[in-house]
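S.K.: Sequence plus predicted model, see below.
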Amino acid sequence: MPLIELVEVLIVVGLLLWLVNRFIPMQGSVKSILNGVVVIAVVLWILNVFGLFHSLSRLRVG
């Protein structure tokens, strides 16, 4: 995936998250959970794009 596409996806996700936070009335706790889930999903997606998530899935604990 080219870097330009990655930046475009991050901008679109950020804009959509800002629109949801700005215009959809929610309790603060629900908004925090939504933001956290989106950030975690984006971080995992970026790790997968760069090929780091696959190597992390081979780690075993215990």
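M.R.: Perfect, I can see it now. Remember, predicted model here, so these are calculated numbers, not experimental data.
S.K.: which residue is nearest the centroid of this protein?
M.R.: With distances taken as Cα atoms, centre = their mean, Val42 lies nearest the centre of the chain, 1.9 Å away.
S.K.: May I ask you to confirm that that residue is in contact with Val13?
M.R.: Yes: the pair Val42 and Val13 qualifies as a contact (Cβ atoms under 8 Å) at a distance of 5.9 Å. The way it works is simple: take the backbone N, C-alpha and C, and place the C-beta from them, glycine included.
S.K.: Run through the neighbouring helices and strands of the host helix or strand of Leu44.
M.R.: Element membership for Leu44, per DSSP states H and E: helix 28-49. In terms of contacts (3 or more Cβ pairs under 8 Å, 6 or more residues apart in numbering; DSSP states H and E), helix 28-49 is packed against helix 3-23, helix 52-56.
S.K.: how far does stretch 33-51 sit from the chain's center?
M.R.: 3 Å (Cα atoms, centre = their mean, to the nearest Å).
S.K.: Name the residues of that stretch that are buried.
M.R.: Val38 (16 or more other Cβ atoms under 10 Å).
S.K.: if you average pLDDT over it, what comes out?
M.R.: Averaging pLDDT along stretch 33-51 gives 90.
S.K.: The residue lying closest to Phe53 once chain neighbours are set aside and Ile40, how far apart?
M.R.: The spatial neighbour of Phe53 that comes closest, neighbours along the chain excluded (Cβ to Cβ, 6 or more residues apart in numbering), is Leu47 at 4.0 Å. According to Cβ to Cβ, to the nearest Å, Leu47 stands 11 Å off from Ile40.
S.K.: and for these two, which residues touch both?
M.R.: Common neighbours of Leu47 and Ile40 (criterion: Cβ atoms under 8 Å, 6 or more residues apart in numbering): none identified.
S.K.: need the helices and strands packed on helix 28-49 in TSV with distance to Lys31 and mean neighbour count, can you?
M.R.: Output for these, formatted as TSV (distance: least, Cβ to Cβ, whole Å; neighbours: other Cβ atoms under 10 Å):
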stretch	distance to Lys31	mean neighbour count
helix 3-23	6	11
helix 52-56	27	11
